[in-house]
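Peer 1: 3D model of this:
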Amino acid sequence: MIADPPFTLLQPARQMAALVLTSPHSGRRYDAAFLAQARLDAQSLRRSEDSFVEELFAAGPSLGVPLLAAEFPRAWCDANREPWELDPAMFADALPDYANTTSPRVAAGLGTVARIVGAGEPIYGKKLRFAEAKARIDTCWRPFHEALAQCIEDSVARFGHCLVLDCHSMPTPLGRMAGRADVVLGDGHGTSCGPGWTDYVESALGAQGYSVRRNDPYAGGFITRHYGRPREGVQVLQLELARGLYMNERQFTRGTQFSATQERMANVLAGLIGALRLWGAAGPDLRAAAE
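Peer 2: Numbering: from 1, shown residues only. Presented below is the predicted three-dimensional model:
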């Protein structure tokens, strides 16, 4: 197993608002066995990472909300996929019937066990066994999602609703392609999060100086689609932040604007927590207020 425990859950002394923060792709524990198995070195494997994202949102627990972050790397097991999105070409033995072998993510090489890193380079020099994929899912994917489901359940029990902010980063060139956006918010085209909360977060990010797009090119992954049930009081909004704003993308180091970006994200969180306490499950209607 590459990470024990496979996640870090930072809980506030007392949860102050119905907000849960997740960072499923910022794990960076690359153990020797994985590096020996891969045809790529550790630096190349990191191209799939959302490096340091959990640190950008580290103010969450001190502001009164939980933060759940994967410790295992995305290149090892992707917590933002269905549990069995697997490419049969990667395996020496047959996959079970319940495996999803035809999803767009699998076709792109980015299933639950990825075939390539974000740059398109193959990870492995030889085929895997299904038992290995199952072990990764059982020891990494499942515990992460059990913890997330419990955080959501606890928030709903305490507040009657929950908003999950699923935190990611995107390569800066992709951000520039997306209308030079600094941030892309994904709400499944309005299916995973009510428009009031998406509007609010977009406005809060704009107030910090960021340009924002919605759902293009990222509308949300498994976490957004699976947990987002606005009619049942669970909203999920994915946030993708351009890496060039806070880090050196070639060297995988924190950039000169890292602390400033942390502060801006803390400001967004503080405002969001206040809004959740004020408006509750109904959420704000910024469009109506502007009319």
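
Peer 1: drop to CA atoms for contacts and neighbour counts, all remaining ones
Peer 2: Fine.

Peer 1: Now do residue 16 against residue 42, distance only.
Peer 2: From residue 16 over to residue 42 the distance is 39 Å, taken as CA to CA, to the nearest Å.

Peer 1: Who has more neighbours out of these two?
Peer 2: For residue 16 and residue 42, the more surrounded residue by other CA atoms under 10 Å is residue 16, and the numbers stand at 19 against 16.

Peer 1: Not counting the helix or strand hosting residue 275 itself, show me its contacts.
Peer 2: Following DSSP states H and E, one finds residue 275 within helix 258-279. Applying CA atoms under 8 Å, 6 or more residues apart in numbering, the contact partners of helix 258-279 are 16-19, 55-60, 63, 200-201, 204-205, 208, 245-247, 283-284.

Peer 1: quick one: which of those residues sit in helices?
Peer 2: Among these, the ones falling in helices (DSSP state H) are 55-56, 60, 63, 200-201, 204-205.

Peer 1: which residues in the stretch 51-200 of the chain form helices?
Peer 2: 53-56, 60-63, 104-107, 130-136, 142-159, 172-177, 195-207 (DSSP state H, counting those that start in this stretch).

Peer 1: any idea how far residue 75 is from residue 154?
Peer 2: Distance from residue 154 to residue 75, by CA to CA: 30 Å.

Peer 1: Comparing these two, which shows the higher neighbour count?
Peer 2: residue 75 (27 against 16).

Peer 1: Return the backbone torsion pair for residue 117.
Peer 2: phi -90, psi 170 (degrees, to the nearest 10).

Peer 1: Could you count how many residues lie near it?
Peer 2: Neighbours around residue 117, by other CA under 10 Å: 20.

Peer 1: now swap in residue 36 and tell me
Peer 2: 11.

Peer 1: Next: the one 3 residues further on.
Peer 2: As a burial measure, the neighbour count of residue 39 was computed by other CA under 10 Å and equals 16.

Peer 1: just the one 4 residues further on next, same as before
Peer 2: The number of residues packed near residue 43 is 10, by other CA under 10 Å.

Peer 1: Need the three-state assignment for it.
Peer 2: helix (DSSP: H, G, I helix; E, B strand; the rest coil).

Peer 1: Most neighbours of all the ones in helices among the contacts of helix 258-279, which one?
Peer 2: Going by other CA under 10 Å, residue 60 tops the ones in helices among the contacts of helix 258-279 with 24 neighbours.

Peer 1: so what's residue 51 up against?
Peer 2: Contacts of residue 51 (CA under 8 Å, 6+ apart): 25-28, 169, 252.

Peer 1: Swap in 7 Å and give it another go.
Peer 2: The contact partners of residue 51, taken as CA atoms under 7 Å, 6 or more residues apart in numbering, are residue 26.

Peer 1: And it, how far from residue 251?
Peer 2: 11 Å.

Peer 1: One more: residue 268?
Peer 2: 28 Å.

Peer 1: Looking at those two, which is more packed in?
Peer 2: Neighbour tally, residue 268 and residue 251, criterion other CA under 10 Å: the higher count belongs to residue 268, 22 against 10.

Peer 1: okay, that one: pLDDT?
Peer 2: Listed pLDDT for residue 268 reads 98.

Peer 1: picking that back up, any idea which of the helices of the stretch 51-200 of the chain has the lowest pLDDT on average?
Peer 2: For those, the bottom mean pLDDT is recorded on helix 172-177, which sits at a mean of 60.
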